[in-house]
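**Q** The following comprises the amino acid sequence and a computationally predicted model.
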Amino acid sequence: MDVPHSGTRPTSDRVRESLFGALESSDAILGARVLDLYAGSGALGLESLSRGAAAADLVEQGRSAAAVVRKNAAVVAKAGGLSPARVHESTVRSFLQRATGPYDLVFSDPPYDLSDDAMTADLVALAPLLAPTALVVIERAKRSTPPDLAAAGLGLIREKTYGDTTLWWAEPAAPAA
């Protein structure tokens, strides 16, 4: 799979392998409608399709990175006979404002330079697009501030660190009684 020359931070093979093993063991992929925010090369969304997801939207702001995502999506679709991923060259916030959802599985791997406030605002914009049983996986550097899940109405399921990378798994929080 091609990777953009700059401006992205691909998920390491070790992290991706562990992530997808856990997703498959929890039956989170098969038939899922997937959203890959800050897609980079599109690896997470495309791997989801290759493992049985029903559809994938890949959102990437950078023009050259979006071109790489389109190329990778075409290669994956042709090789696996899969339905093609939909690639959106857009900011995450702009995409979320016009998206319809619901999404079952969301990957959010923002660039290092995205502020905590901007990431929280993106999570808040994402929340209404989530299926009731959705799973949101957020990837950031270990030294980053943990995402403000509560602000987006999400509850933490698990947190796991791999070297310099931390993954937070979240789900829509149950409404207060």
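**A** Perfect, thanks for sending it.

**Q** Spell out the residue ranges of the helices in this structure.
**A** 13-25, 43-50, 63-80, 92-98, 116-126 (DSSP state H).

**Q** With distance to residue 155, mean neighbour count and mean pLDDT as extra columns, can I get those in TSV?
**A** In short, each C-beta sits where N, CA and C put it, glycine included. Shown next, in TSV, are the helices of the chain (distance: least, C-beta to C-beta, whole Å; neighbours: other C-beta atoms under 10 Å; pLDDT from 0 to 100):
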stretch	distance to residue 155	mean neighbour count	mean pLDDT
helix 13-25	17	15	89
helix 43-50	22	25	92
helix 63-80	30	17	86
helix 92-98	20	17	96
helix 116-126	12	18	94
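
**Q** Distance to residue 161 added to those helices, as CSV?
**A** Output for these, formatted as CSV (distance: least, C-beta to C-beta, whole Å):
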stretch, distance to residue 161
helix 13-25, 10
helix 43-50, 18
helix 63-80, 26
helix 92-98, 24
helix 116-126, 18
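
**Q** the longest strand in the protein is where?
**A** Of all the segments of type strand in the chain, defined by DSSP state E, the longest one is strand 130-141.
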